[in-house]
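Peer 1: Output the structure for:
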Amino acid sequence: MQDVERLLRENGLRVTAQRLAVMGAVSARPHATADDLAGDVRASIGSVSRQAVFDTLGVLTEVGLIRRIQPARSAARYEDRVDDNHHHLVCRDCDRVVDVDCAAGYRPCLDVDDDLGFDIDEAEVIYWGLCPACREALTPGGLHT
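Peer 2: Just a heads-up that it's a prediction; the model follows:
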C-alpha cells in the first residue's frame, strides 16, 4: 500500500481512498472493464459512483500508473503492467485477455523501417484466437457442445 501511495505522490496526485481502491482493483484483476472495477471498488470502500471510478481511471491512465487497452469491438480494459512493451492475446469466444511478451527483443515493435518522422514510443499489438478452454469446448463440427 505504501508503494501505491508513493507512486501517487510522485505523480503529483493526492492519496485518496478512492485512488487506492482503484489501483488495488486494477492490480487484483488485470484486464477488467471499468464497470467490473467499479464493482470491485464499491466492495472495497463502499458507495462510490461509476463516474468517479471512470474519472479516476482516466487520471491514473493519464499519468501512466495504469494502462488502458481497447481491443476491437470490446470495452476498454485496464492493467497496471506499464513498465514494458508487452502485448495481448484475446479469445474470440469468451473475451479472455492475457498478457504476452513482445515477439522478439526488447522493443522490436518500436523499430520500424520508416518512422515517417514520428517519435514512436508505444506499439499496441493484439493477437486474436481461441483460448484453450474455448478451443476444447468445440466439437469436431465446430459447434459448441
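Peer 1: check contacts around V15.
Peer 2: Neighbouring residues of V15 by Cβ atoms under 8 Å, 6 or more residues apart in numbering: 5, 8-9. For glycine as for every other residue, the C-beta is placed from the backbone atoms N, C-alpha and C.
Peer 1: how about a cut-off of 10 Å?
Peer 2: Applying Cβ atoms under 10 Å, 6 or more residues apart in numbering, one finds that V15 lies in contact with 1, 4-9.
Peer 1: any idea how far I120 is from N11?
Peer 2: Per Cβ to Cβ, to the nearest Å, N11 is found 23 Å from I120.
Peer 1: just to revisit the earlier point, list just the nearest of the contacts of V15 to V41.
Peer 2: Checking those against V41 with Cβ to Cβ, the nearest one is V4 at 13.8 Å.
Peer 1: Return the residues in contact with the residue nearest to the closest one when sequence neighbours are not counted.
Peer 2: Sequence neighbours aside, M23 is the residue nearest to V4 in space, at 4.9 Å (criterion: Cβ to Cβ, 6 or more residues apart in numbering). Neighbouring residues of M23 by Cβ under 10 Å, 6+ apart: 1, 3-5, 7-8, 41, 56, 60, 65-66, 80.
Peer 1: Work out for me the element M23 sits within.
Peer 2: helix 17-28 (DSSP states H and E).
Peer 1: what's the helix or strand just after that helix in contact with?
Peer 2: Using DSSP H and E, the helix or strand that directly follows helix 17-28 along the chain is strand 32-33. With contacts defined as Cβ under 10 Å, 6+ apart, strand 32-33 is touched by 25-26, 38-40, 74-79, 95, 97.
Peer 1: List the buried residues in stretch 82-99.
Peer 2: For stretch 82-99, the neighbour count (16 or more other Cβ atoms under 10 Å) marks 85, 87-91, 95, 97 as buried.
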